[in-house]
Structure formats: structure tokens, C-alpha cells
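Visitor: Show me the folded form of this:
(chains A and B)
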Amino acid sequence: ETGVTQSPTHLIKTRGQQVTLRCSSQSGHNTVSWYQQALGQGPQFIFQYYREEENGRGNFPPRFSGLQFPNYSSELNVNALELDDSALYLCAAQRDLTGETQYFGPGTRLLVL
Amino acid sequence: QKEVEQDPGPLSVPEGAIVSLNCTYSNSAFQYFMWYRQYSRKGPELLMYTYSSGNKEDGRFTAQVDKSSKYISLFIRDSQPSDSATYLCAMSAGNSGGYQKVTFGTGTKLQVIP
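Guide: The predicted model follows:
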């Protein structure tokens, strides 16, 4: 077990709607990264949060936004959903911004119809 | 050209075979190299973590990094049906720009046949 949990496990939305995905990790993992994994592809980096601040962003539009809370849990929000947003959304937690690797949650599978 | 290239497979081997999985990359700034295993409908699970060039062994798994060739490998000895999964290589330049952006390959699907 990685100690990283995500909710919900599955979600179905329609185009144009908004969605919020959640991630929690064990104590001490103050850095959270979010990834999008399309079917048959590797995870693509969306952004990273460190101590409640966005600390880096991949090539995703502003309708992808996030939050990190004082207990280090995190949310990923996606507005104006598009069909191509259908994917597995993964969060990964790590301790600080060191080179230590990241531990992934099981993911939330989002289907946009 | 993608920063990280990985043959998607699928790769089918008989139980007990030695499996070789490989990735090439183009970004010379990468210095942290990881291998993840991902079962169907699950999140990636870290298998091996290597800094810079060299070999690292953990049980049946051996990771090799050749930075001069920009080539990394994962070897699985005495493969088992439970090893059937998708294997993702991943790499990072470290705290480049103040955060650790990890770049993944597309994954190689492995099937070990009993």
C-alpha cells in the first residue's frame, strides 16, 4: 500500500460539466502531483502542489486547476469538460521537493460523454 | 519526437524466462530513472529507482542506466504469471525549475504465460 487514496474511483460526466477529484496521502507527504493517463499511454504531468502552492505545471489549459489543503490533501478541478478529458487521473505524493520518488494512488477513472 | 520512447508491446514470454524491457530518451538533463509496474485499472507501483548511471538489483529485478547512450533497461529474472502487467519507465531531471516533473514512457504490456 502506498498510503495514497483517491476518490471517487469512477465518474461519468457530460461534455461541458465540471468535475472535482480528491486525493489524500499519509502524514509527511507535503508534495502532491497530478497526472492524466489516457488509455494506452503513460501518465502526463498536469501540475504539482507544495505546501498549498502550485509549484509547476505541465502542458494543460487553465481549465485544469487544483488546490492543496493544510493537511496536504488535494483536489483537481476540471471545468468545461471535453470528450478528450476521459482518462485515468492519478495523484502522486512525495516528501518535500527532493529527488525522492513519488507514490501513486489508484486513480480516478473519468468518462466524459 | 517524444522525450521518452518505449515499445508498447505486447510482449509475451513463457514462465521462467528472462524479460528485458527498455526505454530510450533524448533529454540529457534526466538523472533520476524509475520503473513502475501498473496492473489493469490500478495506479503505477514503484519497482526500481536509480540515480545516474549504473546497475541496481532488487530480488528478481535489475535496472540498468546508460546515460552515454540515453538508454535504460529493466530485467526480470524467473518471470512469473503475476509479473503480467504494464511496465512504465519514468525519468526526471530532479528539482529542475523547483519541482520534480516526471516524464513517463507509454508503457510496455507484458504477459507471462504459465
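
Visitor: And residue A:83, its phi and psi?
Guide: With angles defined as degrees, to the nearest 10, residue A:83 sits at phi -60, psi -40.

Visitor: Number of residues surrounding it?
Guide: For residue A:83, the count of nearby residues is 10 (other Cβ atoms under 10 Å in any protein chain shown). C-beta: built from backbone N, CA, C; applies to glycine.

Visitor: neighbours of residue B:59, just the number please.
Guide: 9.

Visitor: Residue A:36 now?
Guide: So residue A:36, with other Cβ under 10 Å, has 22 neighbours.

Visitor: correct me, but it touches residue A:44?
Guide: Yes: in terms of Cβ atoms under 8 Å, residue A:36 counts as a neighbour of residue A:44; the distance is 5.0 Å.

Visitor: who touches both of these two?
Guide: residue A:60 (Cβ atoms under 8 Å, 6 or more residues apart in numbering or on different chains).

Visitor: Secondary structure class of the residue lying closest to residue A:46 once chain neighbours are set aside, three-state.
Guide: Distances taken as Cβ to Cβ, 6 or more residues apart in numbering or on different chains place residue A:34 nearest to residue A:46, at 4.3 Å, with adjacent residues excluded. Of the three states, residue A:34 takes strand under DSSP: H, G, I helix; E, B strand; the rest coil.

Visitor: From residue A:59, how far out is residue A:34?
Guide: Distance, residue A:34 to residue A:59, using Cβ to Cβ, to the nearest Å: 13 Å.

Visitor: And residue B:78, by the same measure?
Guide: Distance, residue B:78 to residue A:59, by Cβ to Cβ: 41 Å.

Visitor: More neighbours: which of these two?
Guide: Neighbours per residue (other Cβ under 10 Å) separate residue B:78 from residue A:59, with residue B:78 holding more: 12 against 7.

Visitor: Identify the residues contacting that one.
Guide: B:16, B:18, B:60.

Visitor: Residue A:76: what's it in contact with?
Guide: By Cβ under 8 Å, 6+ apart, the contact list for residue A:76 reads A:20, A:21, A:23, A:34, A:46, A:64, A:65, A:66, A:89, A:91.

Visitor: wait, which of the residues you listed is closest to chain B?
Guide: The closest of the contacts of residue A:76 to chain B turns out to be residue A:91 (Cβ to the nearest Cβ; 8.6 Å).

Visitor: What is the neighbour count of residue 43?
Guide: Going with chain A. Residue A:43 has 28 nearby residues by other Cβ under 10 Å.

Visitor: ah, no, chain B please
Guide: 23.

Visitor: Likewise for residue A:69?
Guide: 12.

Visitor: dump the residue contacts of residue 84.
Guide: Since no chain was named, I'll use chain A. residue A:112.

Visitor: That was the other one, I meant chain B.
Guide: B:110, B:111, B:112.

Visitor: To what extent is the residue nearest to residue A:60 when sequence neighbours are not counted buried, counted in neighbours?
Guide: Among residues not flanking residue A:60 along the chain, residue A:46 sits closest, at 5.0 Å (Cβ to Cβ, 6+ apart). For residue A:46, the neighbour count with other Cβ under 10 Å is 22.

Visitor: That's all I had, so thanks and see you.
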